[in-house]
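Asker: next one to model:
(4 chains)
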There are 4 protein chains.
Amino acid sequence: MKLTADARGVFPIAPTPFFDDGAVDHASIDRMMDFYHGCGSTGLTVLGQLGEAPKLDFNESLEIASQVIGKSAGIPIVVGVSAPGFASMRSLTRAVMDRGAAGVMIAPPNTLRTDDQIVNYYHQAVEAIGDDVPFVLQDYPLTFSVQMAPGVIKRIVDDLASCVMLKHEDWPGLEKISTLRRYEAEGAMRHISILCGNNGLFLDYEMNRGADGANTGYCFPDMLCDFVRMIGEGQKEEAHDLFDAHLPLLRYEQQPGVGLAVRKYVMMRRGILSSAAQRRPGGALTPAARSEVDHLLTRLARHDPRAGKLVA
Amino acid sequence: MKLTADARGVFPIAPTPFFDDGAVDHASIDRMMDFYHGCGSTGLTVLGQLGEAPKLDFNESLEIASQVIGKSAGIPIVVGVSAPGFASMRSLTRAVMDRGAAGVMIAPPNTLRTDDQIVNYYHQAVEAIGDDVPFVLQDYPLTFSVQMAPGVIKRIVDDLASCVMLKHEDWPGLEKISTLRRYEAEGAMRHISILCGNNGLFLDYEMNRGADGANTGYCFPDMLCDFVRMIGEGQKEEAHDLFDAHLPLLRYEQQPGVGLAVRKYVMMRRGILSSAAQRRPGGALTPAARSEVDHLLTRLARHDPRAGKLVA
Amino acid sequence: MKLTADARGVFPIAPTPFFDDGAVDHASIDRMMDFYHGCGSTGLTVLGQLGEAPKLDFNESLEIASQVIGKSAGIPIVVGVSAPGFASMRSLTRAVMDRGAAGVMIAPPNTLRTDDQIVNYYHQAVEAIGDDVPFVLQDYPLTFSVQMAPGVIKRIVDDLASCVMLKHEDWPGLEKISTLRRYEAEGAMRHISILCGNNGLFLDYEMNRGADGANTGYCFPDMLCDFVRMIGEGQKEEAHDLFDAHLPLLRYEQQPGVGLAVRKYVMMRRGILSSAAQRRPGGALTPAARSEVDHLLTRLARHDPRAGKLVA
Amino acid sequence: MKLTADARGVFPIAPTPFFDDGAVDHASIDRMMDFYHGCGSTGLTVLGQLGEAPKLDFNESLEIASQVIGKSAGIPIVVGVSAPGFASMRSLTRAVMDRGAAGVMIAPPNTLRTDDQIVNYYHQAVEAIGDDVPFVLQDYPLTFSVQMAPGVIKRIVDDLASCVMLKHEDWPGLEKISTLRRYEAEGAMRHISILCGNNGLFLDYEMNRGADGANTGYCFPDMLCDFVRMIGEGQKEEAHDLFDAHLPLLRYEQQPGVGLAVRKYVMMRRGILSSAAQRRPGGALTPAARSEVDHLLTRLARHDPRAGKLVA
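Answerer: Next comes the predicted model:
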């Protein structure tokens, strides 16, 4: 099964679980996959920006991707293959596609500036990985320093049939979704799936602008799944109530650098990961930050019983 | 009265009111000043990053600063004097100090990279404006692309006695406050005032890390004043409840580019500004964005009667 | 007389002469103008990037531009009006055009990234200064961090009739000249003047690619004038011989930061400026650098008698 | 044999030879090694910035490094191991050191800004590769956007005993060499080897500032070897004459992007490489550029018989 432009719902971005000594924690991967399935995830992305991919060597990356694919239970698995060189990108892509991945995600190198440079880069990437591999275009200027105007995304979609999804995490980004959907409505661009990242910070309004769901790693992916479902069922204000209850913690987790430590800590508290450790070099919560996260969970517990279980 | 390192509370960042034709709206400035005084503001900053200062010529800048100073009612007025050249910075500084400003705010030019370059720049700025003028160090890497390690701030504070306040808007920034306050506790750095910007996005925990208050322009500065007061009075959870109720809107306004349009729109809705116009070239809310802000206000009205008045 | 797209030859970029105490040295401006006329300059640019413009206040800028215009002797004077805000840009533009400037030069702010952002900026600039003012588009990515693809320059030329000249200083930049001239040859873009900057580092081949001359501040502008003239007269190898003799010094002066100190030092040695001083904050040659420049002049003296006079 | 702080002379940066179809050309590697030995190279660096390393997969990289090490004939071979993640950096380092490399070269990722971030990165890199592996610190802000103040280099040298060489390619960079050598003279920093890159553009004066030689890939490495030797023998003006004769071509090759195509073309013309091809995606000389290089070679032939052989 390959990824298509009809993808919808929530594709969590999976962290890579490690033991405290830095070894990959495969049991936690299994547990995490069960958890994501239980949430109602419609797909999954591994080895993304917050998956600590650069700290993994090729064999580890392949092993993790393979384990996740093996536990996919029929939902599409997308693998992050961003790399400084096309040789590595191609090797990892071919290997994971052979093992059953549904597609790959490609972020732009942070040296790209002009529209032509960006479009050209994706042409080269497709030449490297093969035009039979569906890919997700990651648009995350805050982290990658690459700014893609809507017209650039349109050019990539027009030129490259294997581009089937946008991982939308521009900021501000609401108007960009509206612009892309207007292109589609006017018949100027074919339809692609738009799933939103950036920890979900604007998911509450992104859905209304035409996004198809979320593709991010917030430590309560079950909330993201609920939110998308409730919006789909027309329970708008209830969906916003749930979202707003999570926003203080979600915003805290969205901080660059600190965010992954928060995510792993909460996922450990929730019993999904056995350890909050990051492989070296990595961050960790200071005692002050940890007490802030605990405070946020306590306050969230008043609104969401899933947090309540953690603070009883 | 000059700005000192003991400054506390909330110094709102005032927008510059314009009529739809781009002329400065002086009546709105008076009304805005009355409003800020009514909120309990302990100081005020004009001609900051979101004050559209680069669109004002020298005489307009001076006129606006003078009007604000004339309505200061005893609270310190800080004037943003960031400029690409020291000649302009000096001219504006001397002129506003002559008219009664309490100090100036200086942001770093976005070409600075190394620690030495940053420290050296502030030495040159103080040489230009005079070491008798108290200044606020603006630390806002997201907008200015200049990253100041805590040790760099310490060097500036150590070297330059006229640095009395940090406008803290690094992101993530909580640990930076803790580090600076630890320097002080260890006797390694003299005390400075730390007021937080970044639209208040982390004010709920910044206070606990040792910040003295806020220095930002959120469209409900009265909430910021309430929050800081309640924290001071020990009403911690009630303060968080108020903050969290505002967070969905506050986060929406914190978006770069879009934010000023949101701020001016809400301040117009609140009767403070006569127009939400920005001087050209400027942004405006799309109909979709405007309806999202209205939705956020409606939801906020359930918790804060100040929003309730807008959606009756 | 207004600047047109037919401009050719050499427009030196004039430095701003200061006395050691930082005061503007008006006598040196007069002497410098006589020198430039004696060289065969076909135009002149003041208040450019290396004219220390940000250290001048508005009145000083206007006074210097007026003096230069007063000594123009019929050649077009272009004034750099780049500014962080359109209010300042407009004020200076209107003032210098009223006094007889032939046009203005506008560099992009270093925050621009996408093609649309760049094109949009020049639309806004023309709206600010008026579409009756001929302007020079400065394309200098090394200093301004803004990368303009040839297609972006074409869009600006297509959209804005008052864009009559490109100050070309992209690096590498030879193919860009060829591309722009090909657009013209194919009838896809109207003709503009292309004068080359970047201290002339590639002028030897830029002429052959279709450039109309130079627009830069090398301390031997007479060499630049000779080179352009000799190429025009078909003395190709002799022109290259002259250029190559100057290349070691020219390359040394092209160093960012250090370059202006070299330029002013040599122009002082040549009797054009009374002092090599830069207004504070500015650079100065270290003793080691000064001895390297002296060594370069001594070696140049073997090939060019104009250097010989300095080392007798 | 391991790389030490006493390294001197010329360590050419070897390109990676490819056939037109993108396959690695091992015969050209052997020929290139013979050529470098014939020039008088005192060391060699492979898989550097212009060695197209990101286009090689792990096994290719290892194979090339092994072949070069096998042909080292007793001179130290340095291998570029810069990578986005420490896992890859470690794997390649351990593999090449096992095969007899003398040390590795590490460039900073282009996201580093503050002094502490840079120093911290090299601590982490040494932790990853092991403190028994001598490493070369690459300081190339033009390409990597990382600015290292002299004090930062000093901190790295102070903290990390395995840092034995600086590949100096800051620009401007002459004063940096003087500052580092002054640190040494004052006993404030231990001695390290400083070899200069940046295509040798300032090698003529870098030697006088205290550099130990060159570490760059100019297409006439024999000229670089001659120059360093002549300076060592006190033939200063003759050395400058040789350097200046090459400067027009050297400057042309130093252009970013275009440079590698020039280098490979000339090395093919010289009979060292069988093809000028770069692996895809790569650049190639346009006909205009090729004719400019031919012109530069023709003019160089008047001064250097090694060029003369190419234009007979």
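Asker: what residues does the stretch 101-250 of chain A have near chain D?
Answerer: Along the stretch 101-250 of chain A, the residues adjacent to chain D under the rule C-beta under 8 Å from any C-beta of the partner chain are A:110-111, A:124, A:127. The way it works is simple: take the backbone N, C-alpha and C, and place the C-beta from them, glycine included.
Asker: just the closest of these to chain C, please.
Answerer: residue A:111 (10.4 Å; C-beta to the nearest C-beta).
Asker: that closest one is in contact with residue D:109, isn't it?
Answerer: No - with contacts defined as C-beta atoms under 8 Å, residue A:111 does not count as touching residue D:109, sitting 11.4 Å away.
Asker: tell me, how many residues neighbour the closest residue to chain D within the stretch 101-250 of chain A?
Answerer: Residue of the stretch 101-250 of chain A nearest chain D, by C-beta to the nearest C-beta: residue A:124 (4.5 Å). Neighbour count of residue A:124, defined by other C-beta atoms under 10 Å in any protein chain shown: 14.
Asker: all strands for chain A, in order.
Answerer: A:9-10, A:44-46, A:77-80, A:103-106, A:135-139, A:163-168, A:193-196, A:213-214 (DSSP state E).
Asker: could I get those strands as CSV with mean pLDDT?
Answerer: Formatted as CSV, these follow (pLDDT from 0 to 100):
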stretch, mean pLDDT
strand A:9-10, 98
strand A:44-46, 98
strand A:77-80, 98
strand A:103-106, 98
strand A:135-139, 98
strand A:163-168, 98
strand A:193-196, 98
strand A:213-214, 98
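Asker: residue B:272: which of those strands is closest?
Answerer: Closest to residue B:272 of these, according to C-beta to C-beta: strand A:193-196, at 33.4 Å.
Asker: which helices and strands sit right next to the closest one?
Answerer: If you count contacts as 3 or more C-beta pairs under 8 Å, 6 or more residues apart in numbering or on different chains; DSSP states H and E, strand A:193-196 packs onto strand A:163-168, helix A:174-185, strand A:213-214.
Asker: is the second one anywhere near chain C?
Answerer: If I follow you right, that is helix A:174-185. No - applying C-beta under 8 Å from any C-beta, one finds helix A:174-185 separated from chain C by no less than 11.4 Å.
Asker: now the residue of the stretch 151-300 of chain A found nearest chain D: closest residue in space, sequence neighbours ignored.
Answerer: Going by C-beta to the nearest C-beta, chain D is nearest to residue A:281 of the stretch 151-300 of chain A, at 4.5 Å. Excluding the flanking residues, the one nearest residue A:281 by C-beta to C-beta, 6 or more residues apart in numbering or on different chains is residue D:124, at 4.5 Å.
Asker: returning to that earlier point: for the residue of the stretch 151-300 of chain A closest to chain D, what are its contacts?
Answerer: Each residue near residue A:281 by C-beta atoms under 8 Å, 6 or more residues apart in numbering or on different chains is listed here: D:86, D:124, D:127.
Asker: closest to chain B out of these?
Answerer: Once C-beta to the nearest C-beta is applied, the member of the contacts of residue A:281 that ends up nearest chain B is residue D:124, at 16.7 Å.
Asker: circling back: how about JSON lines for the strands of chain A, with mean neighbour count added?
Answerer: Below are the strands of chain A laid out as JSON lines (neighbours: other C-beta atoms under 10 Å in any protein chain shown):
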{"stretch": "strand A:9-10", "mean neighbour count": "25"}
{"stretch": "strand A:44-46", "mean neighbour count": "28"}
{"stretch": "strand A:77-80", "mean neighbour count": "28"}
{"stretch": "strand A:103-106", "mean neighbour count": "26"}
{"stretch": "strand A:135-139", "mean neighbour count": "25"}
{"stretch": "strand A:163-168", "mean neighbour count": "27"}
{"stretch": "strand A:193-196", "mean neighbour count": "26"}
{"stretch": "strand A:213-214", "mean neighbour count": "29"}
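Asker: what's residue A:111 sitting at in phi/psi?
Answerer: Main-chain dihedrals, residue A:111, degrees, to the nearest 10: phi -90, psi -10.
Asker: these two touch, right, the residue of the stretch 101-250 of chain A closest to chain D and residue A:86?
Answerer: Yes - in this structure residue A:124 lies within contact range of residue A:86 using C-beta under 8 Å: 6.5 Å.
Asker: what touches both of these two?
Answerer: Common contact partners of residue A:124 and residue A:86 (C-beta under 8 Å, 6+ apart): D:280-281.
Asker: ok, and what's touching the helix or strand bottoming out on mean pLDDT in chain A?
Answerer: For chain A, scoring each helix and strand by mean pLDDT, DSSP states H and E identifies helix A:141-144 as the least confident one, at a mean of 91. Contacts to helix A:141-144, defined as C-beta under 8 Å, 6+ apart, come from residues A:49, A:107-110, A:138, A:147-148, A:169-171, A:198, A:256.
Asker: for the buried ones among these, write the corresponding PyMOL selection.
Answerer: To isolate the buried subset of the contacts of helix A:141-144 in PyMOL, counting by 16 or more other C-beta atoms under 10 Å in any protein chain shown, use the following:
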select buried, chain A and resi 49+107+108+109+138+147+148+169+170+171+198
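Asker: need the contacts of helix A:141-144 in JSON lines (columns: distance to chain C).
Answerer: Below are those laid out as JSON lines (distance: C-beta to the nearest C-beta, whole Å):
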{"residue": "A:49", "distance to chain C": "20"}
{"residue": "A:107", "distance to chain C": "16"}
{"residue": "A:108", "distance to chain C": "12"}
{"residue": "A:109", "distance to chain C": "14"}
{"residue": "A:110", "distance to chain C": "12"}
{"residue": "A:138", "distance to chain C": "17"}
{"residue": "A:147", "distance to chain C": "4"}
{"residue": "A:148", "distance to chain C": "8"}
{"residue": "A:169", "distance to chain C": "16"}
{"residue": "A:170", "distance to chain C": "11"}
{"residue": "A:171", "distance to chain C": "14"}
{"residue": "A:198", "distance to chain C": "18"}
{"residue": "A:256", "distance to chain C": "19"}
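Asker: nearest to residue D:299, of the strands of chain A?
Answerer: Per C-beta to C-beta, nearest to residue D:299 of the strands of chain A: strand A:103-106, 45.1 Å.
Asker: what are the contacting residues of that closest one?
Answerer: A:2-3, A:45, A:48, A:76, A:78-82, A:89, A:92-93, A:96-97, A:122, A:125, A:129, A:133-138, A:164-165, A:167.
Asker: what about the stretch 101-250 of chain A, any weak spots by pLDDT?
Answerer: Judged against pLDDT under 70, the stretch 101-250 of chain A has no low-scoring part.
Asker: pick out the residue of it closest to chain B.
Answerer: residue A:172 (3.9 Å).
Asker: correct me if wrong: residue A:285 contacts residue A:261.
Answerer: Yes - using C-beta under 8 Å, residue A:285 is in contact with residue A:261, at 4.8 Å.
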